[in-house]
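> okay, predicted coordinates and the sequence, questions at the end:
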Amino acid sequence: MKKKSLCLFVILSVLLALVGCSKGSSSGSSAAAPAETEAAAPVIESAGTVTSTGSVKSAEVDETTNYKDTVIIGIANDVNNLDPQGSNTDANMMVFYLTHERLVNIDPDTNEVIPALAESWTVSEDGCVYDFTLAADATFTDGTPCTAEDVKFTYDRAKDSSFAMQKVADVVSVEAVDPTHVRITLSKPNQDWLTLMAHGGMSILSKAACEKDPVKGPYLGSGMFSLEEWIPGSHCSFVRYDGYRKGPAPTRRIDLKLYKEASTRLIALQTGEIDVCIDPSTTDLQRIAEDPKLDLIQTPNVVMLYMPMQMEKPGLDNVHVRKALAHAMDKDSIVFAAYDGLATIHNNYINRGQFGLNPDIHVYEYDLEKAAAELELSGYKPGDLTFHIMVDNEAKKTAALIFQNSCAQIGINIVLEEMETAALKGKLNDAALDYELALYQFTDDLGTDYTLRNQHGSTMQEDGTLKKNGSNRCNMKDEKFNEMLDAALVETDVEQRRQDYYEIENYLDEICPIVPICTSYINIGAKKGLVGAIWKPDAKHDFRLIALPE
Amino acid sequence: MHRYIIKRLLMLIPVLLGVAFIIFAIMSVAEGDPVYQVAGPDATEEQLEALREEMGLNGSLIERYFRYIGNLLKGDLGVSYVTKLDVMQLYLQRLPNTLRLASIAMLVAVALSVPLGIVAAVNQNSWKDTLAMILALLGLSMPNFWLGLLLMLLFSLKLGWLPSGGAEGFTSVILPAVTVGVGLAALLTRTTRSSMLDVLRQDYLRTARAKGVSERKVVYVHALRNALIPIITIFGVQFSNVLGGSVLAETVFAWPGVGRLVVDAIDQRDIPTVTGALIMTTMLVTIVNLLVDIIYAYVDPRIKAQYTK
């Protein structure tokens, strides 16, 4: 009996050891492991031309080449709403660029506003009246004409959409002069207004379709593709609109297929089940770079990680406490530990590439002595303060742990609160503003004014009080800041306007409402030979001309 | 028997009412207001209020619950906060995938576990028994996602025989079904073995052998049928679990099933989708349990007699 028990014990031990070993070897034998060990030396590649705006353009479509009928793109986040005015996620925006058009577009080479559905426009001397001339032969993908009435309908509808209303806040009236001419009047000049109109949320909708079916009507656009099938949580496919006025797209069908798990997404690319893998795991980048059949596309993104400080919470209402926290943010360690070195430290209050980014912004360098000095100036003593910080993913949790450790050294206690993204977003948006600190990100590509106004601005209410604007997570309400923004917005001299934004950033730096931390990278794996795609730093990639040789 | 089935179907009503209430209660105490999740960052107070009404979030928990039940009786599960699509439509899009995965995974589990359990029981304490138990232990201790990734690396990447993900064509279900099935087979193997061991010691089998019945017939006809009740019980429980969704396998294999629908909806605080999908799943699970009870009756005449009384 003893022998049997001993035998069984030995067998079980060997078995458990085997299972344990195989677990270890799974990460060791899979190609993921070598990349993990080399994570400190990030792979930075770009299979394509990097524009001055940070976009990466794949090679152009060649008319003499035969291209595959279908391109399948493996996406990491689901397409969950096909109404351009109903959401603002990156995945949905990529769809709106396929299916819809805006009045204007942004040139990925220069960041300048270029014609789209509107072939030309004029602006009145006072900068308040825009007269757009629409393409006469523009049609929706069901063949019906796209006219000024549709533009008016879209802009009027945007006024009631909580996602789009801020973009048309300055629009006083929209007049359909005739089928190809539309006049839009603003309440005040706005130098960034055309940039706002290029956003996916301002895609032109079909009035007739929306009135017939308010839910599915907005899916119809005048873009190069029309929706074929949408199975939320699975895939979303589009077919080429052959009647597109500038000629049909080179690929007949584009399929966006959801692969939530990064490893599966990459394996699907390697087996040829998909042609593009958006956002592979950083530990797999080396594998893509070394695969002769694949291209690795990388470009620094404009998704800025930052820490908002709720300025009305006790302790955080003291500027010296906020500055102490800023000095305690070890950005180098965060980039190394949370992003495997694949991130760029950010010290500005607007995003890289945006107009008016101050190159000489003061930097709150990581310095615990300075942090302790600021804490002393605040009147608080070490041990007096405890703040809760909300995080929603592993990278942010790692960053928060580094921050927690630094703060502990100057006597500020940081408590981590982990939650789902939806819950975190809900708490940040909740009118109760019941939070202190958070690690969050923004990807504004709508002009400097929109970024600053949305992130830090406030609006005067009828009762004379200031109410924070939508994404103002720090709850900053500062009249002087609002006035500075208003002045910059109407400034027509470009250089002066640039200087205005430098000053605004300097002013923000004194107030220290947030701690900018870093921006990471856009990573894409794609089959070699892929052409026509524009990989954008805001992760809203443009697939209209994507094609893969047969 | 018919009366029993009708009784069980009627019992579905309080179960569903209870489940709906529990889901409502849980979602209402969860952190964050779903209105802020759905509204854009610039929503005004008026828009938030209008949205709250549109989403059916105004009123007390009890009011909302009864409003929901009223709609449910009309077959209306509501509209997803996120996709703005009908929840029933979203659920029905996923259900065939879940049924396909669950059925084939159970087939894999039964095909592996029943023969293995019988061999282990018939050869108790031999190397065959030990090997069968080692395999069962392996199946039980291997993490689902890890096995899935290994299978994918071998059969998709190295050999190129099977697709790595998606739900297109018959071959796409093989890897997720094997992944789920192996995990389920472990418990079924152990249950089959212990149930068979209990039965094999019974006097009536000794009598059968004494009367010259072949060993094969003794094991596969006389013993197995009597050992089936606990196996069917475990089968029913496991099938119900898989119907609720195999989230890990569904995620690893990009399999659009009910499990991921629910998890994604929870992440997005899409209350109508969570509630609707869970209620539909509860209904399915109850029906599976009923079917299991009916199968009991056909396998064991004593139970049938009990129902008839």
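All right, it came through fine. Residues are numbered from 1 along each chain as shown, chains lettered A, B, ... in the order given.

> okay, now the residue of the stretch 351-500 of chain A found nearest chain B: neighbour count?
Residue nearest to chain B within the stretch 351-500 of chain A: A:Gly426 (2.7 Å; C-beta to the nearest C-beta). Every residue, glycine included, has its C-beta placed from N, CA and C. By other C-beta atoms under 10 Å in any protein chain shown, 21 other residues sit near A:Gly426.

> now the one helix or strand it maps to: buried residues?
Element membership for A:Gly426 (DSSP states H and E) is helix A:421-429. Buried residues in helix A:421-429, defined by neighbour count with 16 or more other C-beta atoms under 10 Å in any protein chain shown: A:Ala422, A:Ala423, A:Leu424, A:Lys425, A:Gly426, A:Lys427, A:Leu428, A:Asn429.

> which other helices and strands does that helix contact?
Packed against helix A:421-429, as judged by 3 or more C-beta pairs under 8 Å, 6 or more residues apart in numbering or on different chains; DSSP states H and E, are the following elements: strand A:385-391, strand A:437-438, helix B:34-38.

> look at whichever residue of the stretch 101-250 of chain B sits closest to chain A and report its pLDDT.
Residue nearest to chain A within the stretch 101-250 of chain B (C-beta to the nearest C-beta): B:Ser164, separated by 4.7 Å. At B:Ser164, the model reports a pLDDT of 89.

> that one should be in a helix, yeah?
No - under the criterion used here (DSSP: H, G, I helix; E, B strand; the rest coil), B:Ser164 is coil, not part of a helix.

> need the nearest residue in space to it, chain neighbours excluded.
Nearest residue to B:Ser164, sequence neighbours excluded (C-beta to C-beta, 6 or more residues apart in numbering or on different chains): B:Ser156, at 3.9 Å.

> that neighbour touches B:Pro176, doesn't it?
No - counting by C-beta atoms under 8 Å, B:Ser156 does not reach B:Pro176; the two are 11.7 Å apart.

> quick one: closest of the helices and strands packed on helix A:421-429 to B:Val79.
helix B:34-38 (11.2 Å; C-beta to C-beta).

> mind listing what's buried in that closest one?
Here helix B:34-38 shows B:Pro34, B:Val35, B:Tyr36, B:Gln37, B:Val38 as buried, counting by 16+ other C-beta under 10 Å.

> and the next element down the chain from that helix?
helix B:45-54.

> contacts for the helix or strand that that next one is followed by next, please.
Going down the chain from helix B:45-54, the next helix or strand is helix B:61-73, by DSSP H and E. With C-beta atoms under 8 Å, 6 or more residues apart in numbering or on different chains as the test, helix B:61-73 has contacts from B:17, B:20-21, B:24-25, B:28, B:56-57, B:59, B:77-78, B:275, B:279.

> ok, the residue of the stretch 201-309 of chain B at minimum distance from chain A - contacts?
Of all residues in the stretch 201-309 of chain B, the one sitting closest to chain A is B:Pro256 (3.7 Å; C-beta to the nearest C-beta). B:Pro256 makes contact with A:Ile231, A:Gly233, A:Ser234, A:Leu258, B:Gln93, B:Arg94, B:Asn97, B:Ala167, B:Glu250, according to C-beta under 8 Å, 6+ apart.

> count the neighbours of the closest residue to A:Ala135 other than its chain neighbours for me.
Excluding its sequence neighbours, the residue lying closest to A:Ala135 (C-beta to C-beta, 6+ apart) is A:Glu119, at 5.2 Å. By other C-beta under 10 Å, 14 other residues sit near A:Glu119.

> so which residues make contact with the helix or strand harbouring A:Glu119?
Taking DSSP H and E as the criterion, A:Glu119 maps to strand A:118-123. The contact list for strand A:118-123 (C-beta under 8 Å, 6+ apart) reads A:Leu103, A:Val104, A:Pro115, A:Val129, A:Tyr130, A:Asp131, A:Phe132, A:Thr133, A:Leu134, A:Ala135, A:Val182.

> adjacent strands (with direction) for that strand?
strand A:129-134 (antiparallel) (DSSP bridges).

> ok now the strand it pairs with, how far from the chain's centre?
How far strand A:129-134 lies from its chain's middle: 29 Å, per C-alpha atoms, centre = their mean, to the nearest Å.

> related to what we said a few turns ago, quick one, which of B:Ser156 and B:Pro176 is more surrounded?
B:Pro176 (29 against 22).

> do I have it right that that one meets B:Thr251?
No - counting by C-beta under 8 Å, B:Pro176 sits too far from B:Thr251 to count as a contact (10.2 Å).

> straight-line length of stretch A:125-142, end to end?
Terminal residues of stretch A:125-142 are spaced 38 Å apart (C-alpha to C-alpha, to the nearest Å).

> average model confidence for it?
Rounded mean pLDDT across stretch A:125-142 is 94.

> how about the residues of the stretch 151-300 of chain B by chain A?
For the stretch 151-300 of chain B, the residues in contact with chain A (C-beta under 8 Å from any C-beta of the partner chain) are B:152-153, B:156-157, B:160, B:163-167, B:251-254, B:256, B:260-261, B:264, B:266-269.

> among the residues you listed, name the ones in helices.
Among those, the members falling in helices (DSSP state H) are B:Met152, B:Thr251, B:Val252, B:Arg260, B:Leu261, B:Asp264, B:Ile266, B:Asp267.

> got a list of contacts for stretch B:143-162?
In contact with stretch B:143-162 (C-beta under 8 Å, 6+ apart) are residues A:23, A:26, A:30, A:263-264, A:267, A:270-271, B:163-165, B:171-172, B:174-176, B:178-180, B:182-183, B:246, B:248-249, B:251-253.

> just the buried ones from those?
Looks like the contacts of stretch B:143-162 have A:26, A:30, A:263-264, A:267, A:270-271, B:163-165, B:172, B:174-176, B:178-180, B:182-183, B:246, B:248-249, B:251-253 buried, using 16+ other C-beta under 10 Å.

> contacts only, for A:Glu149.
A:Ala176, A:Pro179, A:Lys207.

> what angle separates the helix or strand containing it from strand A:118-123?
Element membership for A:Glu149, per DSSP H and E: helix A:148-158. Interaxial angle, helix A:148-158 versus strand A:118-123 (axes from the mean of the first three to the mean of the last three C-alpha atoms, to 10 degrees): 70 degrees.

> can you spell out which helices and strands pack onto the following helix or strand past helix A:148-158?
As assigned by DSSP H and E, the chain's next helix or strand after helix A:148-158 is strand A:171-178. Packing partners of strand A:171-178 (3+ C-beta pairs under 8 Å, 6+ apart): helix A:148-158, strand A:181-186.

> remind me, longest helix of chain B?
helix B:87-122.

> and that helix, anywhere near chain A?
Yes - using C-beta under 8 Å from any C-beta, helix B:87-122 reaches chain A at B:Leu90, B:Gln93, B:Arg94.
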